[in-house]
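In: dropping a prediction and its sequence here:
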Amino acid sequence: MDTKKFCRLTEEEIKSVLKSRMNEHRYAHSLNVAERAVLLAEKNGADPEKAYFSGLIHDICKGIPQEEQLAIIENEGIILDEDTKKSPALWHSIAGAIYSEHELGVTDEDVLNAIRYHTSGRGGMSILEKVVYMADLTSAERNYPDAEYTRNLTDKSLDEGIAYGVRWIAADLERRGFPKGKDTEALLEEYKNVIITE
């Protein structure tokens, strides 16, 4: 695709940057998320090209050390709340949005938000944000308990997939002793009345 619609690099240049910043497994995951995002975008009325691009670069800061992720965030003047400070797994999403804007030249706010919230989710997500959030959670290589169920449910209903997925994530965070954080809490609250039909 013509990624220069969304940033200053060609698709091949972006892939080269990704390969330099992540291991093979993470690179394969990025390709899988991009592919899955297109499928979910086509089913749910999001822009498939924007979904592919967002999915491709969503983990652009995942493979760098957490200290570097934190430095990118702090250099932007962002002050993390206490829950986010205690959850380093969220840092790459915030850093990724900043890096994408400053280093890749991404200006589309919807794309930047899709990157920023692909791990935590948030209340009031756009269709693109929802698509990337669930493409990440249900990409082809995912094999956590209930991955296949979540994938199939999401194919049937994006909202049911989100409702089930965010509940699963919240329970997993609690089990591992991590705070859910305000964004995930807001998403849980928004989807608390969504009924899973199967």
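Out: Arrived safely. In this text, all values refer to a predicted model and were calculated from it rather than measured experimentally.
In: can you pull out the helices in this protein?
Out: Using DSSP state H, the helices of the chain run over 11-21, 24-44, 48-57, 66-75, 82-85, 91-102, 109-116, 127-137, 147-156, 158-175, 181-190.
In: in the protein, which helix or strand is least confident?
Out: helix 82-85 (a mean of 93; mean pLDDT, DSSP states H and E).
In: who's in contact with the residue positioned nearest the centre of the chain?
Out: The centre of the chain sits closest to residue 118, judged by CA atoms, centre = their mean, with a distance of 2.1 Å. When contacts are counted by CB atoms under 8 Å, 6 or more residues apart in numbering, residue 118 touches 58, 93, 129, 132-133, 136. Heads up, the C-betas are built off the backbone N, CA and C, glycines and all.
In: what pLDDT is listed against it?
Out: With respect to pLDDT, residue 118 scores 98.
In: picking up where we left off before, helices and strands around the least confident helix or strand of the chain, which ones?
Out: helix 181-190 (3 or more CB pairs under 8 Å, 6 or more residues apart in numbering; DSSP states H and E).
In: gap between the helix it packs on and the chain center?
Out: 15 Å (CA atoms, centre = their mean, to the nearest Å).
In: would you mark the buried spots in it?
Out: 181, 183-188, 190 (16 or more other CB atoms under 10 Å).
In: how about stretch 168-180?
Out: 168-170, 173, 179-180.
In: put the alpha carbons of that stretch into CSV.
Out: C-alpha atoms of stretch 168-180 as CSV (Å, rounded to 0.1, in the frame of the first residue of the first chain):
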residue,chain,number,x,y,z
TRP,A,168,-10.4,-11.3,30.0
ILE,A,169,-7.6,-8.7,30.1
ALA,A,170,-8.9,-7.1,33.4
ALA,A,171,-9.1,-10.6,35.0
ASP,A,172,-5.6,-11.4,33.8
LEU,A,173,-4.1,-8.2,35.1
GLU,A,174,-5.8,-8.8,38.5
ARG,A,175,-4.5,-12.3,38.6
ARG,A,176,-0.9,-11.1,37.9
GLY,A,177,-1.2,-8.2,40.5
PHE,A,178,-1.1,-5.3,38.0
PRO,A,179,-3.6,-2.4,38.2
LYS,A,180,-6.1,-2.1,35.4
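In: number of nearby residues for residue 28?
Out: 14 (other CB atoms under 10 Å).
In: next: residue 145.
Out: Neighbourhood size, residue 145 [other CB under 10 Å]: 9.
In: could you do the one 5 residues further on as well?
Out: Counted with other CB under 10 Å, the burial measure for residue 150 works out to 21 neighbours.
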